[in-house]
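Engineer: Got a sequence here, can you build the structure:
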Amino acid sequence: MDTKIGSVDTCRPFNNDVGNAPSIGAITIQNSSFHCNSADATLGRHLARRLVQIGVSDVFAVPGDFNLTLLDHLIDEPGLNLIGCCNELNAGYAADGYARSRGVGACAVTFTVGGLSVLNAIAGAYSENLPLICIVGGPNSNDYGTNRILHHTIGLPDFSQELRCFQTITCYQAVVNNLEDAHELIDTAISTSLKESKPVYISISCNLAGIPHPTFSREPVPFSINPRLSNQMGLEAAVEAAAEFLNKAVKPVMVGGPKMRVAKACKSFVELADTCGYAVAVMPSAKGLVPEHHPHFIGTYWGAVSTSFCAEIVESADAYLFAGPIFNDYSSVGYSLLLKKEKAIIVQPDRVTIGNGPAFGCVLMKDFLSALAKRLNCNKTAYENYHRIYVPEGSPVKCEPKEPLRVNVLFQHVQKMLSSESAVIAETGDSWFNCQKLKLPEGCGYEFQMQYGSIGWSVGSTLGYAQAVPEKRVISFIGDGSFQVTAQDVSTMLRCGQRSIIFLINNGGYTIEVEIHDGPYNVIKNWDYTALVDAIHNGQGKCWTTKVRYEDELVAAIETATGAKKDCLCFIEVIAHKDDTSKELLEWGSRVCSANSRPPNPQ
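Structural biologist: Numbers count the residues shown, from 1 in each chain. I've put the predicted structure just below:
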């Protein structure tokens with residue numbers, strides 16, 4: 001069965017704002033107002049129409065001489081909005097944030113100087129399994145094979161440096177330097193991105209974007225993707241073995257992992273949770289993929305820094321099903337998880353492994369979880385144990401008047417801000433741990449970049465996410481060190497009329513690095529961050545900034561941001577002590593430090 005690609009159906013059914021790769025089996029072609037004339041029958045307009053067809057309505061771009069004509073043709077597409085960013089890194093981060101919400105994102109940069117600048121963001125999207133179309137304006141088609149040296153290169157008569165860099169962080173690369181196969185290359189790249197849920201690279205020669213060609217002279221024939229299907233016999237065998245494994249367990253649990261996103265298995269996971277009665281936890285990077293209002297939800301499983309009582313229930317279980325986990329040094333808290341392989345069923349997007357074996361390939365996660373839901377006995381033992389030992393967390397001690405604001409008090413007030421009309425973005429750092437403890441209302445979005453962990457990601461991601469779902473108010477938590485990396489694109493947020501709330505936590509340095517390994521390099525030059533944003537604002541757009549040092553100032557700031565300034569971009573600089581960190585970061589940092597400092601194995 002072929003499925004036509006068009007408007008995007010998002011994945012996370014509980015947080016309607018967040019999506020994943022377009023759900024291939026539930027996509028319809030968007031109608032187009034394309035009329036056959038030579039102005040529309042160009043390579044650039046064909047690419048633009050393809051982006052609109054798959055659900056992209058905003059492209060994040062930085063102009064350069066090799067992509068200017070292409071940008072003209074992207075602008076000419078009625079369904080496409082071009083958003084100019086301050087640098088390529090942020091354009092890539094914005095496309096990342098956009099893809100998390102809309103299901104697919106796109107950025108456009110110039111050759112090599114732009115392409116190499118955006119690499120870090122594309123690598124992050126690759127690590128997080130995000131469909132992202134990276135478009136590069138390339139050299140004139142006549143320059144290929146001429147042994148000429150071009151500007152924007154490293155000075156060698158070889159134009160492949162950029163392509164070779166992208167080959168390791170994209171799942172497909174299309175170099176379009178003639179019109180004859182441009183249609184096929186572009187379509188293959190886009191469809192591969194959607195199918196693999198990974199970024200792709202498309203280079204368009206600068207002299208081709210505006211040229212009409214017969215292959216573009218009509219409404220493009222919708223391209224097709226063969227959906228992935230489970231091997232039916234393998235699926236039945238996997239379900240049979242898993243049901244036998246779990247039904248004989250006394251206190252089994254379920255843990256959701258980040259790869260549920262790419263597997264489009266969020267709904268199936270909850271369907272299984274509803275029927276089996278198991279205690280349900282999530283790995284930290286899967287926060288937001290499972291509804292936290294679910295009756296058997298017990299919190300975040302993160303080893304020694306799990307939410308209260310969650311690790312005890314998971315690690316004492318005699319069987320655990322992990323759906324889409326990623327076990328790296330960060331998620332395993334320096335490889336310190338107390339899990340046993342023989343107790344685990346590991347369900348990856350297309351593979352199921354039961355204990356120490358057997359393993360079943362060509363079995364899709366969503367099919368497996370749905371089928372397993374029909375075979376499991378209801379067993380609430382683990383959840384009842386959790387309910388029995390659970391003691392509600394206390395509230396932080398209230399700040400005294402003019403006592404410096406503590407971060408735990410900040411997040412107590414943030415919790416009250418959250419609703420189905422908001423989304424949280426947490427920057428790499430202590431914001432990971434503080435935001436992880438927030439209880440998400442139904443429909444509240446949540447994103448952070450745990451696998452790649454690139455500081456500064458959240459500024460661009462906030463821009464892209466907010467652009468994709470303007471009906472939601474994005475609340476971002478960014479450390480001062482991270483903000484210094486990518487601060488410029490607050491400017492683009494203002495140009496786009498966005499109304500996000502940014503909490504800039506100013507504690508004088510790279511706090512997460514301090515807790516792993518301290519040194520003078522973790523102290524940064526302090527900025528007047530509110531004054532910086534005021535200067536960026538420069539009277540153009542709607543912006544409100546404030547600096548808070550005490551709890552009463554924070555309360556007043558939140559009241560203003562959610563009231564009188566609810567239609568403005570709000571920037572709240574929170575002054576915090578340099579050693580004011582979550583207890584989870586202290587524990588996590590010491591364990592990651594221990595893992596990093598292991599001596600070499602004997603030769």
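Engineer: if I look at the most centrally placed residue in the chain, how far off is Ile190?
Structural biologist: Centroid-nearest residue in the chain, with C-alpha atoms, centre = their mean: Arg100, separated by 4.9 Å. Computed as C-beta to C-beta, to the nearest Å, the Arg100 to Ile190 distance reads 18 Å. (Glycine included, C-beta is placed from N, CA and C.)
Engineer: Trp457 now?
Structural biologist: Counting by C-beta to C-beta - Trp457 and Ile190 are separated by 24 Å.
Engineer: go on, Arg45?
Structural biologist: 15 Å.
Engineer: Name the residues that touch stretch 352-361?
Structural biologist: Outside of stretch 352-361, the residues within contact range by C-beta atoms under 8 Å, 6 or more residues apart in numbering are 231, 234-235, 237-238, 241-242, 245, 341-346, 350-351, 363, 368.
Engineer: Report the mean confidence score over that stretch.
Structural biologist: Across stretch 352-361, pLDDT averages out at 95.
Engineer: what's the first-to-last distance across that stretch?
Structural biologist: This stretch, stretch 352-361, spans 7 Å end to end (C-alpha to C-alpha, to the nearest Å).
Engineer: Now do it: distance to the chain's middle.
Structural biologist: Remark: stretch 352-361 is offset 29 Å from the chain centroid, using C-alpha atoms, centre = their mean, to the nearest Å.
Engineer: in that stretch, what's buried?
Structural biologist: 352-355, 360 (16 or more other C-beta atoms under 10 Å).
Engineer: re the thing from before, give me the more crowded residue out of Trp457 and Ile190.
Structural biologist: Neighbour totals were compared for Trp457 and Ile190, and Trp457 leads with 31 against 27 (other C-beta atoms under 10 Å).
Engineer: check contacts around the more buried one.
Structural biologist: Per C-beta under 8 Å, 6+ apart, neighbours of Trp457: 93, 96, 121, 124, 427-428, 449, 482, 486.
Engineer: Could you rerun that using 7 Å?
Structural biologist: Residues counted as contacts of Trp457 (C-beta atoms under 7 Å, 6 or more residues apart in numbering) are 93, 124, 427-428, 449.
Engineer: nearest to Ile536, of these?
Structural biologist: Lowest distance from Ile536 to the contacts of Trp457 (C-beta to C-beta) belongs to Tyr93, with 17.2 Å.
Engineer: Strands of the stretch 51-200 of the chain, start to end?
Structural biologist: Counting by DSSP state E, counting those that start in this stretch, the stretch 51-200 of the chain has strands at residues 58-61, 81-84, 105-110, 132-138, 173-176, 199-205.
Engineer: now, of the ones you listed, which is deepest in the fold?
Structural biologist: strand 105-110 (a mean of 30; mean count of other C-beta atoms under 10 Å).
Engineer: That one - contacts with which helices or strands?
Structural biologist: Helices and strands touching strand 105-110, by 3 or more C-beta pairs under 7 Å, 6 or more residues apart in numbering; DSSP states H and E, are strand 58-61, helix 68-76, helix 88-102, helix 115-127, strand 132-138.
Engineer: quick one: which of the ones you listed is nearest Phe503?
Structural biologist: When those are compared by C-beta to C-beta, helix 88-102 sits nearest Phe503, at 16.9 Å.
Engineer: Please enumerate residues in contact with stretch 159-170?
Structural biologist: 111-112, 115-116, 119, 122-123, 126, 134, 139, 144, 153-154, 173, 175, 198-201.
Engineer: Give me the buried positions along that stretch.
Structural biologist: Quick answer for stretch 159-170 (16+ other C-beta under 10 Å): 159, 162-163, 165-166, 169-170.
Engineer: mean confidence for stretch 444-453?
Structural biologist: Averaging pLDDT along stretch 444-453 gives 94.
Engineer: which residues are contacting that stretch?
Structural biologist: By C-beta under 7 Å, 6+ apart, stretch 444-453 touches 15, 17-18, 100, 123-124, 127-128, 284-285, 287-288, 326, 328, 330-331, 418-420, 422-426, 428, 432, 440, 457, 461, 465, 472.
Engineer: Mind checking which of those are in strands?
Structural biologist: 422-426 (DSSP state E).
Engineer: Which members of the buried residues of stretch 352-361 are the farthest-apart pair?
Structural biologist: Top of the distance list for the buried residues of stretch 352-361 (C-beta to C-beta): Gly355 and Phe360, 12.5 Å.
Engineer: Mind jotting down where the helices sit in the stretch 101-250 of the chain?
Structural biologist: Counting by DSSP state H, counting those that start in this stretch, the stretch 101-250 of the chain has helices at residues 115-127, 161-167, 182-196, 232-247.
Engineer: for the stretch 401-550 of the chain, what spans make up the helices?
Structural biologist: 407-415, 430-436, 457-468, 480-486, 490-495, 511-516, 529-537.
Engineer: what would those helices look like in CSV with distance to Ile389 and mean pLDDT?
Structural biologist: Below are the helices of the stretch 401-550 of the chain laid out as CSV (distance: least, C-beta to C-beta, whole Å; pLDDT from 0 to 100):
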stretch, distance to Ile389, mean pLDDT
helix 407-415, 23, 95
helix 430-436, 21, 91
helix 457-468, 35, 98
helix 480-486, 37, 94
helix 490-495, 45, 98
helix 511-516, 29, 74
helix 529-537, 43, 97
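Engineer: most neighbours per residue, which of the ones you listed?
Structural biologist: helix 457-468 (a mean of 29).
Engineer: C-alpha coordinates for it, PDB please?
Structural biologist: Extracted in PDB, the C-alpha atoms of helix 457-468 (Å, rounded to 0.1, in the frame of the first residue of the first chain):
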ATOM      1  CA  TRP A 457      19.700  25.000  22.000                       C
ATOM      2  CA  SER A 458      16.700  26.400  23.800                       C
ATOM      3  CA  VAL A 459      16.800  29.900  22.400                       C
ATOM      4  CA  GLY A 460      16.400  28.800  18.800                       C
ATOM      5  CA  SER A 461      14.100  25.900  19.800                       C
ATOM      6  CA  THR A 462      11.800  28.400  21.600                       C
ATOM      7  CA  LEU A 463      11.700  30.500  18.400                       C
ATOM      8  CA  GLY A 464      10.800  27.500  16.300                       C
ATOM      9  CA  TYR A 465       8.400  25.900  18.700                       C
ATOM     10  CA  ALA A 466       6.400  29.100  19.300                       C
ATOM     11  CA  GLN A 467       6.200  29.700  15.600                       C
ATOM     12  CA  ALA A 468       4.800  26.300  15.000                       C
END
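Engineer: just the angle between that helix and strand 105-110, please?
Structural biologist: Relative orientation of helix 457-468 and strand 105-110, computed by axes from the mean of the first three to the mean of the last three C-alpha atoms, to 10 degrees: 120 degrees.
Engineer: For the stretch 151-300 of the chain, give me the ranges with low pLDDT.
Structural biologist: 218-224 (pLDDT under 70).
Engineer: same deal with the stretch 1-150 of the chain?
Structural biologist: Using pLDDT under 70, the flagged stretches of the stretch 1-150 of the chain are 1-39.
Engineer: now with 50?
Structural biologist: The stretch 1-150 of the chain contains residues with pLDDT under 50 at 1-36.
Engineer: got the residue ranges for the helices in the stretch 251-400 of the chain?
Structural biologist: Assigned by DSSP H, counting those that start in this stretch, the helices in the stretch 251-400 of the chain fall at 260-263, 266-276, 310-315, 365-373, 381-389.
Engineer: Pipe the ones you listed into TSV and attach distance to Gln412 per row.
Structural biologist: Below are those laid out as TSV (distance: least, C-beta to C-beta, whole Å):
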stretch	distance to Gln412
helix 260-263	29
helix 266-276	29
helix 310-315	20
helix 365-373	36
helix 381-389	24
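Engineer: Can you redo those helices as CSV, where the extra columns are mean neighbour count and distance to Val253?
Structural biologist: Listed next are the helices of the stretch 251-400 of the chain as CSV, based on neighbours: other C-beta atoms under 10 Å; distance: least, C-beta to C-beta, whole Å:
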stretch, mean neighbour count, distance to Val253
helix 260-263, 26, 16
helix 266-276, 21, 10
helix 310-315, 21, 5
helix 365-373, 23, 14
helix 381-389, 17, 5
